[in-house]
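[1] I need the structure of the sequence given here:
(one chain, ligands or ions: 1)
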Amino acid sequence: MSAEVRSGAWRIVSASIEACERIVCACALLLAGCGGPQSALEPAGRGAERIALLFWWMAGGTAVIWLAVVGLAVYAFRVQPGPRGKQTALLIIGGGAVVPTLVLGVLLAFGLAEMPGLLAPAPEGSLRIAVTGEQFWWRVRYLPPSREPVELANEIRLPVGEPVQLILESPDVIHSFWIPSIAGKMDMIPGRVTRLTLEPTRTGTFRGACAEFCGESHALMGFHVVVQEREDFARWLERQGASARPAAGLAARGRELFLANGCGACHTVRGTPADGVVGPDLTHVGSRVSLGAGILRNEPGGFRRWIASPEHVKPGVLMPAFGMLPAGDLQALAAWLEELE
Ligand code: CUA
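    Residues are numbered from 1 along each chain as shown. From the prediction side, this is the model:
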């Protein structure tokens, strides 16, 4: 190899090493932002723990291979430059075929060994929750063994340390149900029922999302997951199963407006004549962490904004706009809905 070719090659290797250093720095910065309520790298459930472990093994394996390749490149161009003959053929066969086959084989075996644990159903008698992917929100039905189902929307509460069986469905398009902190993702496929077991390991509020493109507001299809102690969870479920509380004053006027404007054709509020099933059940909407499936704060302003122009908040949503209502009516409606805790 001539001196010019060697120095040219070394410049390429140096530039590659520099680029790799930059990538590592960028990755470190990115990883620093990998915590929070929607992070698969900060697990709060059995499934997420397995997946995070798999991720770290793969990341570690990749780092080792990268170091070995860069080390060999430095050795070849810097430490012992020159023609190699037989050595090169061995390196190509070893480094190009044998080592990758071994490494990928081990990672595949490791990944496959994790799968039965990730797909195992919850034990018989576990709490069951049916979740349906709608346009663009989540219908949630708790199916307790000893009582009537309890329907709500865009929020899931779970007792800590207990396996829960999710039953996932969709009436029209494919969605994918994903709570990164708690478990892996599972598709919701029209005409099929898929299942996912959740087993949260610590209390807290986490965030879930749709992980399959399902339409123009796919990215606005979130939900909150609240993991609670057993007693707190039981009290919450009991309250969710009850009818809406009676209204007085401004809220009572909001209730009248809700019924007069036909909102009950799409929404159910148990304890009132509103019994529609097209949209989310609003019986306890005031108690939810967010509005509009994870995108608006649960406060009177959020309700007013949503009712007046849902299309601007979430394009493609089926809810019609009620922006023609006078401001006072919107205020009364928001007051009632906010009180439905
Ligand atoms: Cu539902 Cu994307």
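
[2] Close to the ligand: what parts of the stretch 1-150 of the chain are there?
    Applying C-beta under 6 Å from any ligand atom, one finds that the stretch 1-150 of the chain approaches the ligand through 133, 136. Where you see a C-beta, it was placed from the backbone N, CA and C, and this is true even at glycine.

[3] can you pull out the strands in the stretch 1-150 of the chain?
    127-133, 138-143, 150-153 (DSSP state E, counting those that start in this stretch).

[4] Map the structural domains onto the sequence of the protein.
    3-119, 127-228, 250-339 (automatic domain parsing).

[5] want to try JSON lines for the ones you listed, with mean neighbour count and distance to residue 239 as columns?
    Formatted as JSON lines, the domains of the chain follow (neighbours: other C-beta atoms under 10 Å; distance: least, C-beta to C-beta, whole Å):
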{"stretch": "domain 3-119", "mean neighbour count": "13", "distance to residue 239": "23"}
{"stretch": "domain 127-228", "mean neighbour count": "19", "distance to residue 239": "10"}
{"stretch": "domain 250-339", "mean neighbour count": "18", "distance to residue 239": "7"}
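
[6] So for residue 243, which of these sits nearest?
    domain 250-339 (3.0 Å; C-beta to C-beta).

[7] The closest one: end-to-end distance?
    10 Å (C-alpha to C-alpha, to the nearest Å).

[8] would you list the domains of the chain in CSV and tack on mean pLDDT?
    Compiled in CSV, those are given as follows (pLDDT from 0 to 100):
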stretch, mean pLDDT
domain 3-119, 82
domain 127-228, 97
domain 250-339, 96
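
[9] Tabulate the strands of the stretch 1-150 of the chain (JSON lines), appending distance to residue 249.
    Shown next, in JSON lines, are the strands of the stretch 1-150 of the chain (distance: least, C-beta to C-beta, whole Å):
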{"stretch": "strand 127-133", "distance to residue 249": "36"}
{"stretch": "strand 138-143", "distance to residue 249": "31"}
{"stretch": "strand 150-153", "distance to residue 249": "26"}
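
[10] before we move on, back to that, now render the domains of the chain as JSON lines, adding distance to residue 235.
    As requested, the domains of the chain are exported to JSON lines (distance: least, C-beta to C-beta, whole Å):
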{"stretch": "domain 3-119", "distance to residue 235": "21"}
{"stretch": "domain 127-228", "distance to residue 235": "9"}
{"stretch": "domain 250-339", "distance to residue 235": "12"}
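
[11] Which one, of those domains, ends up nearest to residue 236?
    The nearest among the domains of the chain, by C-beta to C-beta, is domain 127-228 at 5.5 Å.

[12] how far is that closest one from where the chain is centred?
    9 Å (C-alpha atoms, centre = their mean, to the nearest Å).

[13] show me what contacts residue 145?
    Residue 145 sits next to residue 125 when contact means C-beta atoms under 8 Å, 6 or more residues apart in numbering.

[14] let me redo that: residue 183
    Contacts of residue 183 (C-beta under 8 Å, 6+ apart): 45-48, 51, 118, 196-199.

[15] Please determine how far it is located from residue 207.
    Plainly put, residue 183 is 13 Å away from residue 207 if you go by C-beta to C-beta, to the nearest Å.

[16] what does residue 234 give?
    The value you get for residue 234 to residue 207, if C-beta to C-beta is used, is 24 Å.

[17] Residue 131 now?
    Plainly put, residue 131 is 15 Å away from residue 207 if you go by C-beta to C-beta.

[18] Same question for residue 284.
    20 Å.

[19] What lies in contact with stretch 83-100?
    With C-beta under 8 Å, 6+ apart as the criterion, stretch 83-100 contacts 1, 65, 69, 72, 76.

[20] If I follow the layout properly, residue 253 ends up in contact with residue 332?
    Yes: using C-beta atoms under 8 Å, residue 253 is in contact with residue 332, at 4.3 Å.

[21] What number of residues are in the vicinity of the nearest residue to residue 163 once chain neighbours are set aside?
    Of all residues not flanking residue 163 in the chain, residue 122 sits nearest, at 4.0 Å (C-beta to C-beta, 6 or more residues apart in numbering). When neighbours are defined as other C-beta atoms under 10 Å, residue 122 has 18 of them.
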